[in-house]
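Trainee: Build me a model from this:
(one chain, ligands or ions: 2)
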Amino acid sequence: MLSKTPVVTEMQVIPVAGYDSMEMTLSGAHAPFFTRNLVIIKDSSGHTGIGEIHGGEYTCECLNACIPLVVGQEIGRYRAILGAIHRGGKKAEGDDGEGIQTLDISKLKFVVKAEWAIECALLDLLGQHLGVPVCELLAEGKQRDKVEVLGYLFYVSDKGKTDLPYLDESTSSDPWFRMRRQEMVSHEQIVEQACCLQEKYGYRNFKLKGGVFEGAYEMDTIRALKKQFPNGRINLDPNGAWSLAEAIELCRGMHGILTYIEDPCGPEAGFSSREIMAEFKNATNLPVATNMIATNWRQFYHAAALKAVDIVLADPHFWGLEGSLRMASILNDWGLTWGSHSNNHFDITLTTFAHVAAAAPGKPTALDTHWIWQDGQNLLEDAPQIKDGYLEVPDRPGLGVTLNMERVMEANRLYNQMENHDRDDAMAMQYLIPGWKYDSKKPCLVR
Ligand code: GKR
Ligand code: MG
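Mentor: Ligands and ions are numbered 1, 2, ... in the order given. Coordinates of the predicted model:
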């Protein structure tokens with residue numbers, strides 16, 4: 001008789017919302033609220049496992065549909081549970097397979113895979129059962145005690161130009177909390193943003209979200225950042241806004257200033273973004289990162305065959321925890337670099353990033369995380385901290401963190417007050433430019 005692991009007794013899906021700043025990107029301006037879905041799974045030994053994934057009705061429905069495949073199953077057979085979910089999945093209506101190679105936010109939900117929040121919660125339970133942290137169960141086991149993260153800088157619009165309920169933190173005692181809800185668009189303001197983040201979190205490396213102003217202006221911001229942080233690794237991500245010719249022109253002379261560039265161009269003239277990025281790399285010799293052109297194995301095959309990228313930001317919400325680390329191993333073996341992309345998230349995702357990156361073989365690039373824009377809206381009693389530019393990896397069984405249910409239900413009430421649960425960056429943007437419409441080839445303020 002095989003010895004048994006605990007059995008799942010309950011799975012809950014709780015949609016939640018949190019507050020955000022009016023951060024600008026190619027796809028518009030962030031709305032006052034962002035949404036996420038939480039998965040809470042209980043087992044017969046009394047443990048609770050948790051996972052967090054992108055928000056919206058579509059992902060919420062996918063998760064709810066999985067409940068019958070999870071409840072009643074043994075946590076030790078979590079791979080079989082995930083296998084059953086995959087076999088039961090079918091292509092969603094509206095999913096044309098395009099992915100996010102043009103940053104069409106309405107397609108993000110098809111790139112995100114709801115079941116990875118279930119994978120996370122089951123691994124949390126298994127880790128608690130075995131008495132080991134999740135990172136010890138993944139890939140080749142724990143590789144490091146702390147994980148380097150980057151300071152994710154944004155141009156932020158003036159929320160006063162809207163009548164939307166953005167959070168006001170002007171009276172906070174924390175300098176960063178006061179700063180993050182204000183307008184920041186000049187080179188000086190972005191440098192101040194980076195300095196304030198360095199002070200609070202100890203960041204050495206930064207990424208600026210581009211696709212907002214003309215490329216030349218954004219390059220000037222990068223030069224100002226490099227002047228302030230001569231030893232910092234600085235990256236710019238215009239989300240494919242530039243044409244190939246423009247990208248080559250803009251990046252000429254940026255060696256030694258930009259450590260790498262993220263998704264500089266997208267598909268054009270009948271060529272896919274993978275072909276165009278390969279041409280960009282040949283022309284500039286600048287290292288290239290992506291979270292847009294390699295979001296599944298088939299896309300990665302072509303990106304790798306064309307040598308279109310050096311750094312794959314394999315977000316565990318797109319690839320799964322194990323999938324992201326399978327990518328980390330391949331990249332490491334091939335002399336390429338692994339990292340992770342992020343979207344606005346709560347501290348459960350922050351913890352997941354910590355465990356996944358702790359298990360990534362090789363030398364990952366500093367991870368993206370939007371957490372600094374949400375810090376303080378904790379759903380955990382004991383969120384891992386970012387100190388000296390590094391995210392702590394909890395050294396307790398499972399994810400090693402405890403949910404604060406009161407906070408979760410508060411975030412759920414906020415979600416229920418919202419009319420629309422899907423991300424819509426055009427809505428806030430239209431206050432700045434009436435009638436504004438998304439154009440994958442035009443920075444959001446260039447109309
Ligand atoms: O938070 O608006 C944002 C980002 O622009 C996000 O949507 C991107 O997916 O952070 C992301 C990226 O690196 O491309
Ligand atoms: Mg990106």
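
Trainee: tally of neighbours for the residue in the chain positioned nearest to ligand 1?
Mentor: Using C-beta to the nearest ligand atom, T25 is the residue of the chain that sits closest to ligand 1, at 3.8 Å. Bear in mind the C-beta positions are built from the backbone N, C-alpha and C, glycine included. For T25, the neighbour count with other C-beta atoms under 10 Å is 23.

Trainee: need the residues of the stretch 301-447 of the chain near ligand 1, please.
Mentor: Remark: the part of the stretch 301-447 of the chain in contact with ligand 1 comprises 341-343, 368, 370, using C-beta under 6 Å from any ligand atom.

Trainee: And the stretch 101-250 of the chain, by the same measure?
Mentor: Proximity of the stretch 101-250 of the chain to ligand 1 (C-beta under 6 Å from any ligand atom) is limited to residues 209, 237, 239.

Trainee: Now narrow those to whatever sits close to ligand 2.
Mentor: Among those, the ones lying near ligand 2 by C-beta under 5 Å from the ion are D237.

Trainee: about what we covered before: quick check, nearest of the residues of the stretch 301-447 of the chain next to ligand 1 to ligand 2?
Mentor: Relative to ligand 2, the closest of these is H341; by C-beta to the ion it sits at 5.6 Å.

Trainee: So what's the predicted local confidence for the closest one?
Mentor: At H341, the model reports a pLDDT of 97.

Trainee: Leaving out the residues flanking it, which one is nearest to the residue nearest in space to the middle of the chain?
Mentor: Against the mean C-alpha coordinate of the chain, by C-alpha atoms, centre = their mean, the closest residue is S342 at 0.9 Å. Nearest residue to S342 in three dimensions, chain neighbours excluded: D368, at 4.3 Å (C-beta to C-beta, 6 or more residues apart in numbering).

Trainee: now E183
Mentor: Nearest to E183 is D158, by C-beta to C-beta, 6+ apart, at 3.9 Å.

Trainee: what's that neighbour sitting at in phi/psi?
Mentor: Backbone torsions for D158, taken as degrees, to the nearest 10, come to phi -80, psi 110.

Trainee: Please tell me I have it right and Q193 contacts L153.
Mentor: Yes. If you go by C-beta atoms under 8 Å, Q193 and L153 touch, sitting 5.5 Å apart.

Trainee: before we move on, back to that, do you know how far the residue nearest to S342 is from N235?
Mentor: Using C-beta to C-beta, to the nearest Å, D368 is found at 9 Å from N235.

Trainee: Need the residues that contact whatever helix or strand Y415 lives in.
Mentor: Element membership for Y415 (DSSP states H and E) is helix 405-417. Contact partners of helix 405-417, identified using C-beta atoms under 8 Å, 6 or more residues apart in numbering, comprise 14-18, 33, 35, 38, 55, 346, 377-379, 421.

Trainee: mind listing what's buried in that helix?
Mentor: Of all the residues in helix 405-417, those buried under the rule 16 or more other C-beta atoms under 10 Å are 407-408, 410-412, 414-415.

Trainee: Can you name the two of those that sit furthest apart?
Mentor: R407 and Y415 (12.8 Å; C-beta to C-beta).

Trainee: So between D368 and N235, which is more surrounded?
Mentor: The neighbour count for D368 versus N235, taken as other C-beta under 10 Å, is higher for N235 (27 against 24).

Trainee: near ligand 2, which residues of the stretch 101-250 of the chain?
Mentor: By C-beta under 5 Å from the ion, the residues of the stretch 101-250 of the chain that approach ligand 2 are D237.

Trainee: change it to 6 Å
Mentor: 237, 239 (C-beta under 6 Å from the ion).

Trainee: possible to save the residues of the stretch 101-250 of the chain next to ligand 1 as TSV with pLDDT, secondary structure and neighbour count?
Mentor: Formatted as TSV, these follow (pLDDT from 0 to 100; DSSP: H, G, I helix; E, B strand; the rest coil; neighbours: other C-beta atoms under 10 Å):
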residue	pLDDT	secondary structure	neighbour count
K209	98	strand	22
D237	98	strand	27
N239	97	coil	24
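
Trainee: for the residues of the stretch 101-250 of the chain next to ligand 1, which one is nearest N332?
Mentor: The closest of these, once distances to N332 are taken by C-beta to C-beta, is D237, at 22.8 Å.

Trainee: can you tell me the average pLDDT over stretch 318-336?
Mentor: Mean pLDDT, stretch 318-336: 97.

Trainee: give me the number of residues near the residue nearest to E183?
Mentor: D158 has 14 neighbours, counted by other C-beta under 10 Å.

Trainee: residues contacting A65?
Mentor: Shown in contact with A65 (C-beta under 8 Å, 6+ apart): no residues.

Trainee: I'd assumed it was in a helix, is it?
Mentor: Yes. Looking at A65 with DSSP: H, G, I helix; E, B strand; the rest coil, it is inside a helix.

Trainee: per-residue confidence at it?
Mentor: Taking A65 on its own, its pLDDT is 93.

Trainee: State the distance from it to ligand 2.
Mentor: Here the criterion is C-beta to the ion, to the nearest Å. By it, A65 lies 29 Å from ligand 2.

Trainee: Show me the helices in the stretch 301-447 of the chain, by range?
Mentor: For the stretch 301-447 of the chain, helices defined by DSSP state H, counting those that start in this stretch occupy the ranges 316-319, 321-333, 347-358, 405-417, 425-432.

Trainee: quick one: the residue of the chain closest to ligand 1 and C444 touch, right?
Mentor: Yes. T25 lies in contact with C444 (C-beta under 8 Å); the separation is 6.7 Å.

Trainee: shared neighbours of the two, which are they?
Mentor: Here T25 and C444 have 211-212 as joint contacts, going by C-beta under 8 Å, 6+ apart.

Trainee: who's in contact with the helix or strand of the chain with the lowest mean pLDDT?
Mentor: Within the chain, no helix or strand scores below helix 108-111, which has a mean of 79 by mean pLDDT, DSSP states H and E. Outside of helix 108-111, the residues within contact range by C-beta under 8 Å, 6+ apart are 54, 56, 58-59, 92, 94-95, 99-100, 295-296, 318, 343, 422-423.
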